[in-house]
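Trainee: generate a structure from the sequence data that follows.
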Amino acid sequence: MRILLLGDIVGAPGRRCVVRFLKDRSYDLVVANGENASGGIGITPADARQLLADGISILTSGNHIWAHKEILPFLDECGGTLLRPANYAPGNPGIGHSVLQVSGTPVLVINLQGRVFMQENDCPFRTVDRIIAGVRADIVVVDFHAEATSEKEAMGRYLDGRATVVVGTHTHVQTADIRVLPGGTAYLTDLGMCGSTQGIIGVRYEEVRQRFLTGRPNRLSVAEGDEMVCGMEVETDASFRVVSTSLVHERV
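Mentor: A predicted model of the protein is given here:
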């Protein structure tokens, strides 16, 4: 099975470059983090539907999932094609994991959020234990949306041998530590982002500079130009073992 995992899609530039990248390529499963896809913060139902129609199999998210109020009912209506972190408090809209049938193979996709330097939520480690124990799947893909590299790496090691792929999202900066862990799990600390490289992690440099110079909050808008797709490709054999991994880092 050929799997593509894409980093945080940032605004219209991110949506455009992902569509261009997917146009002439073929994957069995495409997982992308869409929590910055609409105006750089959050995702709207319209943008989620369009990304899913353009070749993404399932969208994950993170701390900006609540940014657009119209996404709340969509999370319950989308049939698990847009996930919010599974370790959010009970009673929130949506779900944090979903099983997709890919050519007859059950694939479990799990979305989690970290707790270090981020909003407090339920324990992601105990949450993922419960999910994996309760769901039968031949392939398990985990998007761990977290700030701290140590927490992401700990999750990778924790799930080594139980998950097929564990990747981090959220920082918008791709790391260079792609590898297959001793137990056979493909791992990358952060996928990076899909969007414009002309700004700072996808937003306009001038506005970010103003924040650093003055210490005052100000509105941030999505950067334009020099669009890049960042992520990771993973291939498994007929026994669902990882046989190859590669970084995706391409201007499109």
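Trainee: for the rest of this, base every contact and every neighbour count on C-alpha atoms.
Mentor: OK.
Trainee: Leu29 versus Met1, what's the distance?
Mentor: 8 Å (Cα to Cα, to the nearest Å).
Trainee: ok, which stretches of the stretch 51-200 of the chain are helices?
Mentor: Assigned by DSSP state H, counting those that start in this stretch, the helices in the stretch 51-200 of the chain fall at 71-77, 124-134, 149-158.
Trainee: export the first one as PDB, just CAs?
Mentor: It stands for helix 71-77. Taking Å, rounded to 0.1, in the frame of the first residue of the first chain, the C-alpha atoms of helix 71-77 are listed here in PDB:
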ATOM      1  CA  ILE A  71     -17.500  23.200  11.300                       C
ATOM      2  CA  LEU A  72     -19.200  21.900  14.400                       C
ATOM      3  CA  PRO A  73     -22.200  20.200  12.800                       C
ATOM      4  CA  PHE A  74     -20.000  19.100   9.900                       C
ATOM      5  CA  LEU A  75     -17.800  17.100  12.200                       C
ATOM      6  CA  ASP A  76     -20.800  15.000  13.100                       C
ATOM      7  CA  GLU A  77     -22.100  14.800   9.500                       C
END
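Trainee: what comes up buried for that helix?
Mentor: Neighbour-count burial for helix 71-77, counted by 16 or more other Cα atoms under 10 Å, picks out 71-72, 74-76.
Trainee: wait, which of those residues is closest to Asp177?
Mentor: Lowest distance from Asp177 to these (Cα to Cα) belongs to Leu75, with 32.7 Å.
Trainee: what's the separation between the closest one and Asn92?
Mentor: The value you get for Leu75 to Asn92, if Cα to Cα is used, is 10 Å.
Trainee: mind listing what the host helix or strand of Ile9 pairs with, with the direction of each?
Mentor: Per DSSP states H and E: Ile9 is located in strand 8-9. Sheet pairing of strand 8-9 (DSSP bridges) gives strand 193-196 (parallel).
Trainee: pretty sure Asp28 is touching Leu22, no?
Mentor: No - contact criterion Cα atoms under 8 Å: Asp28 and Leu22 do not qualify, at 11.8 Å.
Trainee: not counting sequence-adjacent ones, nearest residue to Ile178?
Mentor: Leu188 (4.6 Å; Cα to Cα, 6 or more residues apart in numbering).
Trainee: can you pull out the strands in the protein?
Mentor: 2-6, 8-9, 29-33, 58-60, 97-102, 105-113, 139-145, 165-169, 179-180, 186-188, 193-196, 227-236, 242-251 (DSSP state E).
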